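Participant: Fold the following for me, if possible:
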Amino acid sequence: MPQSILEMAKDLVQAQVQAGQLSPEAMQEALQKTYASLMTLQAKETGTVETPSMPTDWRKSITRHAITCLECGQSFKQLSLRHLRHHDLDGRLYRQKYGIPRTQPLAARATTAKRKTIAQTVRPWEKTPTYVKAQEAKAQVAKKVGRKKTARAKG
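Facilitator: Modelled structure (predicted):
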């Protein structure tokens, strides 16, 4: 009796864990990727187009270290525009299709937190020409106000 795709995926991932090539923590993600790959291969082999069963609730697709594409089932640190183009989508259309809020990053939670920390450290908005110009104007106004106060105090 032939093995089901799920059993094959389980056996492949289990062999990787036993061989020490995969940590037990990464087993679930590897199992999902392997299952999706085997489903894709089977679909190509039989000529039928079946999408692997993935979580329909978008919240389940975003974990601490990975985001799972709800179209194909692959896991990434972030869903790039390049990947979404393979599905003829962009970030806006992907969010609309699956009911994801516009403010929800299409990246793993750890990746989003790391970027936030870097942005707060580097403060890139302070390097924009409009910000620099506004700060210079603010400094000039402060100088003028300071002169007027000192002139009033002397007089």
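
Participant: okay, CA-based contacts and neighbour counts for the rest of this
Facilitator: Fine.

Participant: Could I get the buried residue list for stretch 99-115?
Facilitator: Neighbour counts using 16 or more other C-alpha atoms under 10 Å place Ile100, Pro105, Leu106, Ala107, Ala108, Arg109, Thr111, Thr112 of stretch 99-115 among the buried residues.

Participant: how much space is there between Gly73 and His87?
Facilitator: Using C-alpha to C-alpha, to the nearest Å, Gly73 is found at 12 Å from His87.

Participant: returning to what we had before: most widely separated two among the buried residues of stretch 99-115?
Facilitator: Maximum pairwise distance in the buried residues of stretch 99-115, criterion C-alpha to C-alpha, is 18.0 Å, between Ile100 and Thr111.

Participant: quick revisit: now, among the buried residues of stretch 99-115, which is nearest to His65?
Facilitator: Ala108 (5.2 Å).

Participant: And the closest residue to the closest one other than its chain neighbours, how far from Ala30?
Facilitator: Ranked by C-alpha to C-alpha, 6 or more residues apart in numbering and with sequence neighbours excluded, the top spatial neighbour of Ala108 is Ala66, at 4.7 Å. Ala66 is 11 Å from Ala30, where distance means C-alpha to C-alpha.

Participant: One more: Tyr98?
Facilitator: Taken as C-alpha to C-alpha, the span from Tyr98 to Ala30 is 24 Å.

Participant: Between these two, which is the more surrounded one?
Facilitator: Ala30 (22 against 13; other C-alpha atoms under 10 Å).

Participant: Not counting residues beside it along the chain, what's closest to the residue nearest in space to the middle of the chain?
Facilitator: What sits nearest the mean C-alpha location of the chain, by C-alpha atoms, centre = their mean, is Ala107, with 1.2 Å. Excluding its sequence neighbours, the residue lying closest to Ala107 (C-alpha to C-alpha, 6+ apart) is Gln78, at 3.9 Å.

Participant: Just to check, that neighbour is in contact with Arg109?
Facilitator: No: Gln78 is beyond contact range of Arg109, at 9.5 Å (criterion: C-alpha atoms under 8 Å).

Participant: so what's in contact with these two at the same time?
Facilitator: Ala66 (C-alpha atoms under 8 Å, 6 or more residues apart in numbering).

Participant: re earlier: out of Gly73 and His87, which sits in the busier spot?
Facilitator: Looking at Gly73 and His87 with other C-alpha under 10 Å, you find the greater number of neighbours at Gly73, namely 21 against 11.

Participant: Done for today, thanks.
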